[in-house]
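**Q** got a predicted structure plus its sequence, pasted below:
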Amino acid sequence: MASETIDVERRRDGVVPFHRLPVDRETLAGAGTVLPVIVLYFIIAILPVSFAVYASLYEIPLLNPNWEFVGLANYTEVLTIDRFWGSLWTGVVYMVGSTLFQLAVGLWLALVLNRITRFQKVLTAVIFTAYLIPTIIVALVSLFMFDEFVGVFHIVGSEWLGLWAPNNFAIGSKEWAMPLLILIGSWKFAVFITIFALAQLRAIPSRFYEAAKVCGANKWQMFRDITLPRIQGVILVAVLLRSIFMFNKFDIIWIITQGGPGFATTTLPILAYREAFVGGNYGLGNAMAVVMFVFLAMGAIAYFKLFNPSEEVETST
Amino acid sequence: MSTKDGTSGVFGLEFGTEDRLFRIGLGISGVIMFVVGVFPIYWMAQSSFKTRQAILNSASPLPGPESFTLSNYAILTNSDVSLYVINTGIVTLGTIILVVIVSLIAGYGLARFDFPHKENFARFLLFGYMFSPIVLGLPLYLIWKQLGLLNTRIGLIVALTAISMPFSVWLMWKYIQTIPRSMEESAWVVGASRWRGFRDVVIPQSQPAIIAAALFAFALAWNDFTFAQILLPRNEATTFAPGVFRLITQGYDTSWADIMAVSMMMTVPPMLFAYFLQSYLLKGFQIRSL
């Protein structure tokens, strides 16, 4: 018997002597399928982060190949310049403001899209388009619409509502730059919360609501006892991801204000980019990237506290 | 709580009144959403058909008979801009293909093979959500420079594929779990190899997940500014977003009308996908915690 099975295995295994390896064929094949993902993560994440830690210990003028070892000097510089703490604060304001606004708007959008009966497909398409439109276009169109000479929102804001002076470029003013940036970003990114919540809402069987109706529950009670428990988990995760993404947002801020006016909208990513590529101090920029990565890692810990992967997928088959 | 007499609606309203108020609120919300969602796109579209002078003269809601023009769309024949658009197309297509292939294989392996540390791999995978283009892009710049990948489309494709991994692999993993194993087994019984079973049974079955993953990859690649700005500094290699941004900041002879025309062109594919593929997008997100 025993010799027969070995014989069969030998024939099946062909060139690679699987029965002699410490791992079995199944494990090897399984690991092989996820290998590309691991390689990608290695090139795009593990390698750059390690490199950033290494580069942050050097003084690196961008156009000069000579690196000068400075130890932790970049970090002490990062932590002692007030621009860093100012940017951190600006970033937190931007993150909290955006996330709360997006949560409120996104949830509202999802609830309406879920219940509306007429034009549902068109309306959903309109909302989803906002999410799929490239950030650059959102940014350019808003720059155009707030332009102090030709912009339609500029005219509405200055002549109709009197929010700012007729010759004042609202995005370029200290008091309006941040609120407008949050508003413009939320036009696109609130839909992220909507998609998460809507996917979940669609999965609630309608018999739940019918049963509640028979029992005489009103709309608010239905929302509180059926809808909310079903979507609160996913909302928590969406909000956490959204805050992390907004804290690290670079593109829309850079295109619209480049961190200005002054440092009014300079968040950490903007500061890091500016130091590295405009200021030409690549080492310092990397030190900031490492600091941001530490914030991200904290976000990741919170994420894993909220969410256990084995509840979602069968991790052991 | 009195339910029989019908006065236990919100704010003690009757159910009939409550229902009517609810419908009115829904209708008003729908109108507001539609206006806010469509207005910027409408403004972009109508401005793209105006002459430069008409845009400078006044902010009118529609181009007049004498200010209507199609000449703004000539910017698409501008060699720089057409190059940017082509580059974006290639990068997007490359990203979609790579994402679908890698995530299908990984999703299949995770759902069907038994190997240790799957849970750790799941965590590792989800950690990808913390990948921020700006944090990774800064160090990647010099790494890509060393490897000769700076200013190459493949460098950008690899970077974009990696950051869409957590979503797409997770999606495939979950989706392939819902395909009954017995379907594959019956293929094996008639002599199909593991690969044949994967190709002829699993791939056709996971079509909705493939479309969702492709759509997500499209959104990411079509949208990308940060990675392209850092990793493609040379003008000939760059994609649409940093390219157009460069045109504007360098005071090139581009007017708002031109920019609106080219923006409009880049908005058409997202609009079509949002209309025709919305159910796939939702299906992709149905998974609880991406």
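**A** Sure, I can see it. Numbers count the residues shown, from 1 in each chain, chains lettered A, B, ... in the order given.

**Q** show me what residue of the stretch 101-250 of chain B gets nearest to chain A.
**A** Distances between the stretch 101-250 of chain B and chain A by Cβ to the nearest Cβ are smallest at residue B:109, namely 2.5 Å. Just so you know, the C-beta spots here come from the backbone N, C-alpha and C atoms, and that holds for glycine as well.

**Q** excluding chain neighbours, what is closest to that residue?
**A** If you skip the residues right next to it in sequence, residue B:109 has residue A:33 as its closest partner in space, 2.5 Å away by Cβ to Cβ, 6 or more residues apart in numbering or on different chains.

**Q** again with residue A:276
**A** Spatially, and ignoring its direct neighbours in sequence, residue A:276 is nearest to residue A:285 (2.7 Å; Cβ to Cβ, 6+ apart).

**Q** now do residue B:185 against residue B:179, distance only.
**A** Taken as Cβ to Cβ, to the nearest Å, the spacing of residue B:185 relative to residue B:179 amounts to 12 Å.

**Q** comparing those two, which shows the higher neighbour count?
**A** Each of residue B:185 and residue B:179 had its neighbours counted (other Cβ atoms under 10 Å in any protein chain shown), and the higher figure belongs to residue B:179 (18 against 12).

**Q** residues near the closest residue to the more buried one other than its chain neighbours, how many?
**A** Across the structure, with Cβ to Cβ, 6+ apart as the measure, the residue nearest residue B:179 apart from its sequence neighbours is residue B:205 (4.8 Å). Residue crowding around residue B:205 was assessed by other Cβ under 10 Å; the count is 17.

**Q** surely residue A:192 is in contact with residue A:237?
**A** No. Residue A:192 is not in contact with residue A:237 according to Cβ atoms under 8 Å; the separation is 11.3 Å.

**Q** still on that earlier bit, anything in contact with each of residue B:185 and residue B:179?
**A** Counting by Cβ atoms under 8 Å, 6 or more residues apart in numbering or on different chains, residue B:185 and residue B:179 have no shared contacts at all.

**Q** ok so, going back, what sits against the residue of the stretch 101-250 of chain B closest to chain A?
**A** Contacts of residue B:109 (Cβ under 8 Å, 6+ apart): A:29-34.

**Q** isn't there a strand covering it?
**A** No. With the criterion set as DSSP: H, G, I helix; E, B strand; the rest coil, the secondary structure at residue B:109 is helix rather than a strand.

**Q** residues contacting stretch B:201-216, please?
**A** Applying Cβ under 8 Å, 6+ apart, the set of residues contacting stretch B:201-216 from outside is B:96, B:99-100, B:103-104, B:107-108, B:164, B:167-168, B:171-172, B:175-176, B:179, B:183-184, B:187, B:192, B:273, B:277, B:280-281, B:283-284.

**Q** show me which of those residues are buried.
**A** Among the contacts of stretch B:201-216, those that count as buried by neighbour count (16 or more other Cβ atoms under 10 Å in any protein chain shown) are B:96, B:99-100, B:103-104, B:107-108, B:164, B:167-168, B:171-172, B:175-176, B:179, B:184, B:187, B:192, B:273, B:277, B:280-281, B:283-284.

**Q** quick check: the residue nearest the centre of chain A vs chain B, distance?
**A** The residue lying closest to the centre of chain A (Cα atoms, centre = their mean) is residue A:245, at 2.5 Å. Residue A:245 sits 8 Å away from chain B, taking Cβ to the nearest Cβ, to the nearest Å as the criterion.

**Q** ok, the residue lying closest to residue B:238 once chain neighbours are set aside - how many residues close by?
**A** Ranked by Cβ to Cβ, 6+ apart and with sequence neighbours excluded, the top spatial neighbour of residue B:238 is residue B:232, at 4.3 Å. For residue B:232, the neighbour count with other Cβ under 10 Å is 23.

**Q** give me the phi and psi for residue A:71.
**A** Reported as degrees, to the nearest 10, the phi and psi values for residue A:71 are phi 60, psi -130.

**Q** I'd assumed residue A:57 was in contact with it.
**A** Yes. Contact criterion Cβ under 8 Å: residue A:71 and residue A:57 qualify, at 6.0 Å.

**Q** between the two, who's got more neighbours?
**A** Using other Cβ under 10 Å as the criterion, residue A:71 and residue A:57 rank with residue A:57 on top: 19 against 9.

**Q** tell me the contacts of that one?
**A** Applying Cβ under 8 Å, 6+ apart, we find residue A:57 in contact with A:69-72, A:74, A:283.

**Q** got a ChimeraX select line for the buried ones in the residues you listed?
**A** Buried members of these, defined by 16+ other Cβ under 10 Å, are picked up in ChimeraX with:
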select /A:70,74,283
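
**Q** for the helix or strand hosting residue B:105, what is the distance to the chain centroid?
**A** Per DSSP states H and E, residue B:105 falls inside helix B:79-112. Remark: helix B:79-112 is offset 12 Å from the chain centroid, using Cα atoms, centre = their mean, to the nearest Å.

**Q** any idea how far the next helix or strand after that helix is from the chain center?
**A** Scanning forward in sequence from helix B:79-112 by DSSP H and E, the next helix or strand is helix B:118-126. Put simply, helix B:118-126 sits 24 Å off its chain's centre (Cα atoms, centre = their mean).
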